[in-house]
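Visitor: give me a 3D structure for the following:
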Amino acid sequence: MDAARREKKEHGTLAFPFQIYPALDGSEADDSDFIPYHWHPELEIITVDSGRVSLTIADHIYEGVHGDVFFAAGEELHEIRAAGRENQFRSFVFPVDFLQFARGDLTEIELLRPLAEGRLRFATCLRAGAPGQREVRTLLAQIVRAWQTKAAGCQLAVKAALLGIVAVCAQNGCLTGRQVRPNADYKARQLKEIVGYLGEHFTEPLTLTEVAARFGLTPQYFSGFFRDNFGRTFTQHVNSLRIEQAARLLRETDLPVMEVGFNVGFDNFSYFIKRFRTVYGVSPSHYRKNSAAL
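Guide: Numbering: from 1, shown residues only. I've put the predicted structure just below:
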């Protein structure tokens, strides 16, 4: 996943733009514990299937537990963290406008078109036990079964279940008119620009003062702005990007561990080892050995 900017990945196909992540065949299991900040035009429904999952959607941080359902609207900046195999989540990604009908009716006018145009949106968080949560989870489970079988009509079954989710959310007050806050669009653009810049340059020497100046902000303001909106400090975020890239290189290449650390932007090998161990609980060398054994 490209963490640097707006996601360019095509979800599903042009004929049926729908995709489930991680892949149901298990091929992405080792690459799904951390999804860095990104955004895309499609709606993303995220379910917490076991353990605890940390999510940041727009400028809010959520701690999800088993049963919770989250909605990240199109173009909404979001990140997902689920450290350890006991913490699992699944994402359903699709453009809302593919639910619309060719022939307009009341549901098209009152629900589907406003959703597609962004005038109506899903509530971000649907906690376990909340009205409609059980029904939404049941419909998402139906989608997974249909997607696994690939039987005739499975696409229609998926679409019908997605429309069912719209209906359940409408019936339980989980669809709301889009609230436009003063300067919200400017703030969202600024956050995306910051995420994009750091995603492209995190392997380079970066200082808070230099990055703040690039965006016309004082270091003090930038530091507080970053922490308030991302839930971590500037340094913590850059280190997180570097550690995630290091983990990928350790899994997918034979580069020496020291070279991996330097390649992702750490200029101190001992500090790289310390930060890696903090995130994954083992040294980079042990992480590589454990990944190779799976």
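
Visitor: give me the low-pLDDT residue ranges for the stretch 1-150 of the chain?
Guide: Across the stretch 1-150 of the chain, residues meeting the criterion (pLDDT under 70) sit at 1-9, 25-32.

Visitor: helices of this protein, residue ranges please.
Guide: 106-107, 113-117, 133-149, 154-171, 184-201, 208-214, 219-230, 234-252, 257-263, 269-280, 284-293 (DSSP state H).

Visitor: hang on, isn't residue 61 packed against residue 232?
Guide: No - Residue 61 lies out of contact with residue 232 (C-beta atoms under 8 Å); the separation is 9.3 Å. For every residue, glycine as well, the C-beta is placed using N, CA and C.

Visitor: mind putting the helices of the chain into TSV with mean neighbour count and distance to residue 66?
Guide: Putting those into TSV (neighbours: other C-beta atoms under 10 Å; distance: least, C-beta to C-beta, whole Å) gives the following:
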stretch	mean neighbour count	distance to residue 66
helix 106-107	12	32
helix 113-117	17	27
helix 133-149	16	10
helix 154-171	18	19
helix 184-201	16	29
helix 208-214	15	37
helix 219-230	16	25
helix 234-252	19	24
helix 257-263	17	34
helix 269-280	16	23
helix 284-293	14	25
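
Visitor: so which of these gets nearest residue 68?
Guide: Using C-beta to C-beta as the measure, helix 133-149 is the one of the helices of the chain that comes nearest residue 68, at 7.9 Å.

Visitor: how close does the residue most central in space within the chain sit to residue 263?
Guide: The chain has residue 79 as the residue nearest its centroid, 4.1 Å off, counting by C-alpha atoms, centre = their mean. Residue 79 sits at a distance of 23 Å from residue 263 (criterion: C-beta to C-beta, to the nearest Å).

Visitor: go on, residue 50?
Guide: From residue 50 across to residue 263, the span is 33 Å (C-beta to C-beta).

Visitor: one more: residue 41?
Guide: Separation of residue 41 from residue 263 (C-beta to C-beta): 32 Å.

Visitor: ok, now residue 221?
Guide: Using C-beta to C-beta, one gets 32 Å for the distance from residue 221 to residue 263.

Visitor: domain-wise, how is the protein divided?
Guide: Taking automatic domain parsing as the reference, the chain has its domains at 19-134+172-177, 184-293.

Visitor: how about these in a markdown table, adding distance to residue 142?
Guide: Output for the domains of the chain, formatted as a markdown table (distance: least, C-beta to C-beta, whole Å):
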| stretch | distance to residue 142 |
| --- | --- |
| domain 19-134+172-177 | 12 |
| domain 184-293 | 33 |
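
Visitor: minimum distance to residue 165: which of these has it?
Guide: Going by C-beta to C-beta, the one of these nearest residue 165 is domain 19-134+172-177, 7.6 Å.

Visitor: now the closest one, how far from the centre of its chain.
Guide: Centroid separation for domain 19-134+172-177 versus its chain: 9 Å, with C-alpha atoms, centre = their mean, to the nearest Å.

Visitor: let me know the distance separating residue 278 from residue 166.
Guide: Here the criterion is C-beta to C-beta. By it, residue 278 lies 42 Å from residue 166.

Visitor: for residue 151, find the nearest of the domains of the chain.
Guide: Closest of the domains of the chain to residue 151 is domain 19-134+172-177, at 14.2 Å (criterion: C-beta to C-beta).

Visitor: what is the end-to-end distance of the closest one?
Guide: With C-alpha to C-alpha, to the nearest Å applied, domain 19-134+172-177 spans 26 Å between its terminal residues.

Visitor: before we move on, the earlier item: distance to residue 34 for the helices of the chain - can I get that in a markdown table?
Guide: As requested, the helices of the chain are arranged in a markdown table below (distance: least, C-beta to C-beta, whole Å):
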| stretch | distance to residue 34 |
| --- | --- |
| helix 106-107 | 38 |
| helix 113-117 | 29 |
| helix 133-149 | 22 |
| helix 154-171 | 26 |
| helix 184-201 | 13 |
| helix 208-214 | 22 |
| helix 219-230 | 14 |
| helix 234-252 | 5 |
| helix 257-263 | 17 |
| helix 269-280 | 9 |
| helix 284-293 | 13 |
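
Visitor: wait, which of these is closest to residue 125?
Guide: helix 133-149 (10.0 Å).

Visitor: what's that closest one in contact with?
Guide: Identification of contacts with helix 133-149 by C-beta atoms under 8 Å, 6 or more residues apart in numbering yields 20, 24, 45, 47, 67-69, 90, 92, 126-127, 154, 157-158, 161-162, 164-165, 168-169.

Visitor: swap in stretch 98-108?
Guide: Here stretch 98-108 makes contact (C-beta under 8 Å, 6+ apart) with 17, 18, 112, 113, 115, 116, 159, 162, 163, 166.
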